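**Q** Curious how this folds, go ahead:
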Amino acid sequence: MPRVCYIDADDKCHEIDVDSGYSLMEGAYNHQLKGMLAECGGAAACGTCHSYVDADWLDRLPVTEDLEEAMLCAVPGRRSNSRLACQIRVTEDLDGIILRIADNQSG
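**A** The predicted structure follows:
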């Protein structure tokens, strides 16, 4: 089972095993990690799962689709490594990925 390091606002890494096929958002939300609000339930319609992917992992992710790109344009604090965690499905290839949860309560 792939392991994900979710870094919260306090810079604490929560290492969580996430079943393949689940989204990175579901992994964090199911463990009630602070900042992962996931208000739309994974439809890429709210931006409250906005996260920053560690640079070493960006090339391993699927490309950003138009719907995700449109939502990322509206989130505060967007960076070059911003992604919506609901749009990234966990696979064995992502074992060890590092994801910093953005401040999804502002804006």
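**Q** in stretch 61-73, what's buried?
**A** Within stretch 61-73, the residues that qualify as buried are 61, 64, 68, 71-72, counting by 16 or more other C-beta atoms under 10 Å. No exception for glycine: its C-beta is placed from N, CA and C like everyone else's.
**Q** Among those residues, which are located in helices?
**A** Secondary structure assignment by DSSP state H places 68, 71-72 of the buried residues of stretch 61-73 in helices.
**Q** ranges for the helices of the protein?
**A** In the chain, the helices defined using DSSP H lie at 24-30, 66-72.
**Q** who touches the last one?
**A** Outside of helix 66-72, the residues that reach it under the criterion C-beta atoms under 8 Å, 6 or more residues apart in numbering are 44-47, 50, 64, 78, 82-84, 87.
**Q** could these be laid out in a markdown table, adding pLDDT?
**A** Below are these laid out as a markdown table (pLDDT from 0 to 100):
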| residue | pLDDT |
| --- | --- |
| 44 | 94 |
| 45 | 94 |
| 46 | 94 |
| 47 | 95 |
| 50 | 98 |
| 64 | 96 |
| 78 | 97 |
| 82 | 98 |
| 83 | 98 |
| 84 | 98 |
| 87 | 97 |
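**Q** who wins for neighbours among these?
**A** Counting neighbours by other C-beta atoms under 10 Å, the top entry in the contacts of helix 66-72 is residue 84, with 30 neighbours.
**Q** any idea how far that one is from residue 12?
**A** Plainly put, residue 84 is 22 Å away from residue 12 if you go by C-beta to C-beta, to the nearest Å.
**Q** dump the residue contacts of the residue nearest the centre of the chain.
**A** With distances taken as C-alpha atoms, centre = their mean, residue 85 lies nearest the centre of the chain, 2.6 Å away. For residue 85, the contacting residues are 23-25, 28, 36, 49-51, 99, 101, taking C-beta under 8 Å, 6+ apart as the criterion.
**Q** same deal with residue 101?
**A** Residues in contact with residue 101 (C-beta under 8 Å, 6+ apart) are 6-9, 28, 33-36, 51, 85.
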